[in-house]
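Student: next one to model:
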Amino acid sequence: MRQMFSDQEVQQEESEINITPMLDVVFIMLIFFIVTASFVKEAGIDVNRPDAQTAQKKEKANILIAISANNEIWIDRRQVDPRAVRANIERLHAENPQGTVVIQADKEAKTETLIQVMDSARQAGVYDVAIAAQE
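Tutor: Just a heads-up that it's a prediction; the model follows:
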């Protein structure tokens, strides 16, 4: 026995749009953008950097170290003990051997702390060390 569908039922069935393929495309694009996005690394605190006339932008600075006005050392949004700076730099340098170290020292930070961080970077095998300044 044949069933007869009314014109309204047939029209309603034909007018529905299947959005599943569109959702698949949107999710694939989302995954693509998440995977290819370059994440900005931050040292963890805001630092009042000194001014410099000859400051240049460093493109591949993947190890950012901040020294606050209180001489606290911050790496990857964590406060680090001065004795642990070398180990942290070694770990981050192993993740990206082409990267450089950029030290963001506050104007009020002691030079002694800056020199300790620079020495730790060189002891960790990173000789490309830069000090951040305002342009």
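
Student: top helix in the chain by residue count?
Tutor: In the chain, taking DSSP state H as the definition, the longest helix is helix 20-36.

Student: mean confidence score for the helix or strand following it?
Tutor: Next helix or strand after helix 20-36 toward the C-terminus (DSSP states H and E): strand 61-67. The average pLDDT within strand 61-67 is 83.

Student: for stretch 73-92, same thing?
Tutor: Computed over stretch 73-92, the average pLDDT equals 91.

Student: can you give me the domain assignment for this structure?
Tutor: 7-36, 61-131 (automatic domain parsing).

Student: redo these as a markdown table? Include mean neighbour count.
Tutor: The C-beta positions use only the backbone N, C-alpha and C, and glycine is treated the same way. A markdown table is the format used below for the domains of the chain (neighbours: other Cβ atoms under 10 Å):
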| stretch | mean neighbour count |
| --- | --- |
| domain 7-36 | 9 |
| domain 61-131 | 17 |
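
Student: now the longest helix of the chain, how far from the chain's geometric center?
Tutor: Here the centre of helix 20-36 is set off from its chain's centre by 22 Å, with Cα atoms, centre = their mean, to the nearest Å.

Student: alpha carbons of it, as CSV, please.
Tutor: These are the backbone C-alpha positions of helix 20-36, laid out as CSV (Å, rounded to 0.1, in the frame of the first residue of the first chain):
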residue,chain,number,x,y,z
THR,A,20,26.3,19.4,9.7
PRO,A,21,28.8,19.9,6.8
MET,A,22,29.1,23.6,7.7
LEU,A,23,29.8,22.8,11.3
ASP,A,24,32.5,20.3,10.3
VAL,A,25,34.2,23.0,8.2
VAL,A,26,33.9,25.6,11.1
PHE,A,27,35.5,23.1,13.5
ILE,A,28,38.3,22.2,11.1
MET,A,29,39.0,25.9,10.6
LEU,A,30,39.1,26.5,14.3
ILE,A,31,41.5,23.7,14.9
PHE,A,32,43.7,25.0,12.0
PHE,A,33,43.9,28.5,13.6
ILE,A,34,44.6,27.2,17.0
VAL,A,35,47.4,25.0,15.8
THR,A,36,49.0,27.6,13.6
